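# would you be able to build a 3D model of this:
(one chain, ligands or ions: 1)
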Amino acid sequence: MNKLPPCLVWLPADHRLLGDQGHQMPFLMLGDKYARAVKVGAKAQPLLFPLADIGSIDELLSLVDGVMLTGSPSNVHPSHFNEEVADPSLPLDPVRDELTFALAKACVQQGVPLLGVCRGFQEINVAMGGSLHQQVQNEPGLMDHRESKSAPLEEQYAPSHAIIPVAGSALQAWAGGAAEVRVNSLHGQGIKRLAPGLEAMAHAPDGVVEAFAVKGAAAFAFAVQFHPEWRCWENPFYAAIFEAFGEACRARRSVRLQAADGPSGAPA
Ligand SMILES: N[C@@H](CCC(=O)NCCCC(=O)O)C(=O)O
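Residues are numbered from 1 along each chain as shown. Just a heads-up that it's a prediction; the model follows:
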(Lines give C-alpha, C1' and ligand atoms only; values in the text may rest on other atoms or scores of the structure.)
Protein backbone atom coordinates (compact mmCIF):
# COMPACT_ATOMS: atom_id res chain seq x y z
CA MET A 1 0.00 0.00 0.00
CA ASN A 2 1.46 3.40 -0.98
CA LYS A 3 2.53 5.52 1.99
CA LEU A 4 0.49 8.74 2.20
CA PRO A 5 2.48 11.98 1.79
CA PRO A 6 2.66 14.16 4.92
CA CYS A 7 -0.31 16.33 5.82
CA LEU A 8 0.96 19.87 5.22
CA VAL A 9 -0.05 22.97 7.21
CA TRP A 10 1.00 26.44 6.10
CA LEU A 11 1.89 28.89 8.86
CA PRO A 12 2.51 32.41 7.50
CA ALA A 13 5.63 34.10 8.89
CA ASP A 14 6.04 37.29 10.87
CA HIS A 15 8.23 40.01 9.39
CA ARG A 16 10.62 41.46 11.96
CA LEU A 17 13.78 43.56 11.98
CA LEU A 18 16.58 41.97 13.99
CA GLY A 19 20.08 43.20 14.81
CA ASP A 20 21.79 46.11 16.45
CA GLN A 21 20.33 49.57 16.03
CA GLY A 22 21.42 50.92 12.70
CA HIS A 23 22.30 47.44 11.43
CA GLN A 24 18.89 45.80 11.56
CA MET A 25 17.99 43.27 8.90
CA PRO A 26 14.53 41.94 7.96
CA PHE A 27 13.79 38.39 9.07
CA LEU A 28 10.89 35.99 8.47
CA MET A 29 9.87 34.32 11.75
CA LEU A 30 7.61 31.57 13.06
CA GLY A 31 7.22 30.72 16.74
CA ASP A 32 8.46 27.23 17.63
CA LYS A 33 5.40 26.46 19.78
CA TYR A 34 3.02 26.98 16.84
CA ALA A 35 4.96 24.65 14.57
CA ARG A 36 5.31 22.14 17.43
CA ALA A 37 1.57 22.14 18.13
CA VAL A 38 0.89 21.41 14.44
CA LYS A 39 3.45 18.59 14.49
CA VAL A 40 2.56 17.04 17.87
CA GLY A 41 -1.06 18.15 18.36
CA ALA A 42 -2.39 17.99 14.79
CA LYS A 43 0.07 15.29 13.67
CA ALA A 44 0.81 17.29 10.53
CA GLN A 45 3.90 18.84 8.99
CA PRO A 46 4.30 22.61 9.55
CA LEU A 47 5.32 24.51 6.43
CA LEU A 48 6.66 28.00 5.77
CA PHE A 49 6.40 29.70 2.40
CA PRO A 50 8.91 32.55 2.81
CA LEU A 51 7.96 35.69 0.88
CA ALA A 52 4.54 34.28 -0.06
CA ASP A 53 2.36 37.07 -1.43
CA ILE A 54 -1.27 37.56 -2.37
CA GLY A 55 -0.62 36.55 -5.98
CA SER A 56 0.67 33.12 -4.93
CA ILE A 57 -2.12 32.20 -2.51
CA ASP A 58 -4.16 29.97 -4.81
CA GLU A 59 -1.09 28.11 -6.09
CA LEU A 60 0.25 27.55 -2.56
CA LEU A 61 -3.14 26.52 -1.16
CA SER A 62 -3.26 23.76 -3.81
CA LEU A 63 -0.15 22.31 -2.14
CA VAL A 64 -1.37 22.25 1.49
CA ASP A 65 -4.02 20.65 3.67
CA GLY A 66 -4.54 23.44 6.20
CA VAL A 67 -3.54 26.94 7.29
CA MET A 68 -2.80 28.18 10.79
CA LEU A 69 -2.65 31.93 11.46
CA THR A 70 -0.49 32.27 14.55
CA GLY A 71 -0.16 34.76 17.34
CA SER A 72 2.44 37.51 17.24
CA PRO A 73 3.61 40.42 19.38
CA SER A 74 2.66 42.66 16.44
CA ASN A 75 -0.78 44.21 16.15
CA VAL A 76 -3.22 44.23 13.26
CA HIS A 77 -2.89 47.70 11.74
CA PRO A 78 -5.93 49.73 12.90
CA SER A 79 -6.32 51.28 9.44
CA HIS A 80 -7.99 47.98 8.51
CA PHE A 81 -10.88 48.91 10.80
CA ASN A 82 -10.73 52.62 10.00
CA GLU A 83 -8.85 53.85 13.05
CA GLU A 84 -5.60 55.68 13.65
CA VAL A 85 -2.83 53.92 15.59
CA ALA A 86 -3.57 54.49 19.29
CA ASP A 87 -0.13 53.56 20.65
CA PRO A 88 2.72 53.98 18.13
CA SER A 89 5.11 52.18 20.47
CA LEU A 90 3.38 48.86 19.78
CA PRO A 91 4.75 46.76 16.88
CA LEU A 92 2.90 46.32 13.60
CA ASP A 93 3.37 43.95 10.65
CA PRO A 94 1.56 45.35 7.61
CA VAL A 95 3.21 42.82 5.28
CA ARG A 96 1.71 40.01 7.32
CA ASP A 97 -1.67 41.76 7.44
CA GLU A 98 -1.81 42.00 3.65
CA LEU A 99 -1.13 38.28 3.15
CA THR A 100 -3.20 36.85 6.00
CA PHE A 101 -6.32 38.88 5.29
CA ALA A 102 -6.44 37.52 1.73
CA LEU A 103 -5.34 34.05 2.86
CA ALA A 104 -8.09 33.76 5.48
CA LYS A 105 -10.77 34.63 2.92
CA ALA A 106 -9.27 32.24 0.36
CA CYS A 107 -9.28 29.36 2.88
CA VAL A 108 -12.97 29.92 3.63
CA GLN A 109 -13.86 30.26 -0.05
CA GLN A 110 -11.89 27.13 -1.03
CA GLY A 111 -12.73 24.96 1.98
CA VAL A 112 -9.15 24.76 3.25
CA PRO A 113 -9.09 24.04 7.01
CA LEU A 114 -8.24 27.27 8.87
CA LEU A 115 -7.22 27.71 12.50
CA GLY A 116 -6.58 31.19 13.91
CA VAL A 117 -4.80 31.84 17.21
CA CYS A 118 -4.63 35.20 18.98
CA ARG A 119 -3.40 37.60 16.30
CA GLY A 120 -4.67 35.08 13.77
CA PHE A 121 -8.11 35.21 15.45
CA GLN A 122 -8.06 39.00 15.20
CA GLU A 123 -6.92 38.93 11.56
CA ILE A 124 -9.80 36.68 10.48
CA ASN A 125 -12.33 38.89 12.26
CA VAL A 126 -11.01 42.08 10.63
CA ALA A 127 -10.54 40.43 7.22
CA MET A 128 -14.23 39.49 7.30
CA GLY A 129 -15.40 42.97 8.22
CA GLY A 130 -15.16 43.07 12.01
CA SER A 131 -13.22 45.48 14.22
CA LEU A 132 -10.94 45.43 17.27
CA HIS A 133 -10.40 47.31 20.47
CA GLN A 134 -6.79 48.48 20.15
CA GLN A 135 -6.24 48.41 23.92
CA VAL A 136 -8.91 46.28 25.59
CA GLN A 137 -7.59 47.20 29.04
CA ASN A 138 -8.51 50.86 28.43
CA GLU A 139 -12.15 50.08 27.66
CA PRO A 140 -14.60 50.72 30.53
CA GLY A 141 -15.89 47.46 32.01
CA LEU A 142 -13.37 45.24 30.21
CA MET A 143 -10.60 43.27 31.86
CA ASP A 144 -6.88 43.57 31.20
CA HIS A 145 -6.27 40.58 28.93
CA ARG A 146 -2.51 41.05 28.75
CA GLU A 147 0.16 38.92 30.30
CA SER A 148 2.76 40.16 32.78
CA LYS A 149 5.76 40.42 30.48
CA SER A 150 8.15 40.26 33.44
CA ALA A 151 6.71 36.93 34.60
CA PRO A 152 8.27 33.58 33.67
CA LEU A 153 6.89 32.10 30.43
CA GLU A 154 5.16 29.29 32.34
CA GLU A 155 3.22 31.98 34.22
CA GLN A 156 2.52 34.09 31.12
CA TYR A 157 0.95 31.11 29.34
CA ALA A 158 -0.76 29.61 32.37
CA PRO A 159 -4.56 29.82 32.56
CA SER A 160 -5.50 33.33 33.69
CA HIS A 161 -9.24 33.67 33.20
CA ALA A 162 -12.31 31.57 32.49
CA ILE A 163 -14.20 31.53 29.21
CA ILE A 164 -17.80 30.46 28.89
CA PRO A 165 -18.44 28.22 25.85
CA VAL A 166 -21.59 28.82 23.81
CA ALA A 167 -23.90 25.81 24.16
CA GLY A 168 -23.76 23.51 21.17
CA SER A 169 -20.56 25.03 19.80
CA ALA A 170 -17.53 23.08 18.69
CA LEU A 171 -15.59 24.78 21.46
CA GLN A 172 -17.98 23.43 24.07
CA ALA A 173 -17.36 19.93 22.66
CA TRP A 174 -13.58 20.46 22.76
CA ALA A 175 -13.99 21.53 26.39
CA GLY A 176 -15.80 18.26 27.14
CA GLY A 177 -19.12 20.01 27.66
CA ALA A 178 -17.79 22.14 30.52
CA ALA A 179 -19.81 25.21 31.52
CA GLU A 180 -16.57 27.14 31.69
CA VAL A 181 -12.91 26.48 31.03
CA ARG A 182 -9.79 28.45 32.02
CA VAL A 183 -7.43 29.70 29.34
CA ASN A 184 -4.29 31.76 29.05
CA SER A 185 -4.53 35.38 27.89
CA LEU A 186 -1.81 37.41 26.15
CA HIS A 187 -3.44 40.12 24.10
CA GLY A 188 -3.93 43.88 24.11
CA GLN A 189 -6.18 44.01 21.05
CA GLY A 190 -9.54 42.26 21.22
CA ILE A 191 -12.75 41.95 19.26
CA LYS A 192 -14.92 45.05 19.32
CA ARG A 193 -17.37 44.12 16.52
CA LEU A 194 -17.60 40.49 15.45
CA ALA A 195 -17.74 40.21 11.67
CA PRO A 196 -21.20 39.29 10.33
CA GLY A 197 -20.02 35.97 8.88
CA LEU A 198 -18.70 34.76 12.25
CA GLU A 199 -20.48 33.32 15.26
CA ALA A 200 -19.12 33.47 18.78
CA MET A 201 -18.23 30.16 20.44
CA ALA A 202 -17.05 31.54 23.80
CA HIS A 203 -16.84 34.75 25.82
CA ALA A 204 -14.65 35.99 28.66
CA PRO A 205 -16.40 37.07 31.88
CA ASP A 206 -16.29 40.69 30.63
CA GLY A 207 -18.09 39.70 27.41
CA VAL A 208 -15.07 39.83 25.10
CA VAL A 209 -15.38 37.21 22.35
CA GLU A 210 -12.73 34.52 22.92
CA ALA A 211 -13.54 32.06 20.10
CA PHE A 212 -15.60 32.02 16.92
CA ALA A 213 -16.62 29.81 14.04
CA VAL A 214 -17.03 30.88 10.42
CA LYS A 215 -20.75 30.50 9.67
CA GLY A 216 -21.53 27.84 7.04
CA ALA A 217 -17.87 27.00 6.41
CA ALA A 218 -17.32 23.97 4.14
CA ALA A 219 -14.39 22.84 6.28
CA PHE A 220 -12.84 23.46 9.71
CA ALA A 221 -12.79 27.25 10.16
CA PHE A 222 -12.34 28.26 13.78
CA ALA A 223 -10.27 30.75 15.73
CA VAL A 224 -9.47 31.41 19.37
CA GLN A 225 -8.09 34.43 21.20
CA PHE A 226 -6.12 32.32 23.70
CA HIS A 227 -3.05 30.14 23.06
CA PRO A 228 -3.91 26.45 22.80
CA GLU A 229 -0.55 25.78 21.15
CA TRP A 230 1.14 26.23 24.53
CA ARG A 231 2.13 22.68 25.54
CA CYS A 232 -1.11 21.43 23.99
CA TRP A 233 -0.10 17.82 24.75
CA GLU A 234 -0.45 18.61 28.48
CA ASN A 235 -3.97 20.13 28.27
CA PRO A 236 -6.89 18.01 27.00
CA PHE A 237 -8.86 21.10 25.93
CA TYR A 238 -5.99 22.57 23.92
CA ALA A 239 -5.17 19.10 22.55
CA ALA A 240 -8.76 18.59 21.34
CA ILE A 241 -8.53 21.76 19.23
CA PHE A 242 -5.40 20.58 17.42
CA GLU A 243 -6.72 17.02 17.07
CA ALA A 244 -9.86 18.35 15.36
CA PHE A 245 -7.75 20.61 13.14
CA GLY A 246 -5.50 17.67 12.22
CA GLU A 247 -8.48 15.50 11.32
CA ALA A 248 -9.84 18.24 9.06
CA CYS A 249 -6.45 18.60 7.38
CA ARG A 250 -6.23 14.85 6.74
CA ALA A 251 -9.71 14.93 5.18
CA ARG A 252 -8.52 17.75 2.93
CA ARG A 253 -5.41 15.74 2.01
CA SER A 254 -7.61 12.89 0.73
CA VAL A 255 -9.55 15.28 -1.49
CA ARG A 256 -6.37 17.01 -2.65
CA LEU A 257 -4.66 13.75 -3.56
CA GLN A 258 -7.70 12.45 -5.42
CA ALA A 259 -7.82 15.70 -7.41
CA ALA A 260 -4.13 15.32 -8.20
CA ASP A 261 -4.73 11.75 -9.41
CA GLY A 262 -7.43 12.89 -11.85
CA PRO A 263 -11.06 11.74 -12.22
CA SER A 264 -10.29 8.04 -12.79
CA GLY A 265 -8.20 7.91 -9.64
CA ALA A 266 -5.26 6.79 -11.74
CA PRO A 267 -2.18 9.03 -11.59
CA ALA A 268 -2.66 11.90 -14.01
N1 LIG B 1 -0.42 41.61 19.29
C2 LIG B 1 -1.80 41.18 19.41
C3 LIG B 1 -1.86 39.66 19.40
C4 LIG B 1 -1.31 39.09 20.66
C5 LIG B 1 -0.58 37.76 20.49
O6 LIG B 1 -0.66 37.09 19.48
N7 LIG B 1 0.18 37.46 21.53
C8 LIG B 1 1.10 36.37 21.52
C9 LIG B 1 2.52 36.89 21.27
C10 LIG B 1 3.60 35.90 21.56
C11 LIG B 1 3.27 34.53 20.99
O12 LIG B 1 3.37 34.36 19.76
O13 LIG B 1 2.84 33.65 21.75
C14 LIG B 1 -2.44 41.72 20.69
O15 LIG B 1 -1.70 42.22 21.54
O16 LIG B 1 -3.67 41.62 20.81
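
# C-alpha only now, for contacts and for neighbours.
Fine.

# just give me the neighbour total for the residue nearest to Glu180 when sequence neighbours are not counted.
Distances taken as Cα to Cα, 6 or more residues apart in numbering put Ile164 closest to Glu180, at 4.5 Å, once the chain neighbours are dropped. Neighbours of Ile164 under the rule other Cα atoms under 10 Å: 21.

# what does Asn138 give?
With other Cα under 10 Å as criterion, Asn138 counts 12.

# do you know how far it is from the ligand?
For Asn138, the distance to the ligand (Cα to the nearest ligand atom, to the nearest Å) stands at 13 Å.

# now Lys149
Using Cα to the nearest ligand atom, Lys149 is found at 10 Å from the ligand.

# now do the SS call for that residue.
Under the three-state scheme (DSSP: H, G, I helix; E, B strand; the rest coil), Lys149 adopts coil.

# ok now stretch 47-58, how far from the chain's centre?
17 Å (Cα atoms, centre = their mean, to the nearest Å).

# name the SS class of the residue nearest to Glu180, please.
Following three-state DSSP, Ile164 is assigned to strand.

# which ones are touching it?
Applying Cα atoms under 8 Å, 6 or more residues apart in numbering to Ile164 gives the contacts 179-181, 202-205.

# filter these to the buried ones?
Neighbour-count burial (16 or more other Cα atoms under 10 Å) applied to the contacts of Ile164 gives 180-181, 202-204.

# where's the residue nearest to Glu180 relative to Val183, distance?
Distance check for Ile164 against Val183: by Cα to Cα, to the nearest Å, it reads 10 Å.

# same question for Ala204.
Between Ala204 and Val183 the distance is 10 Å, computed by Cα to Cα.
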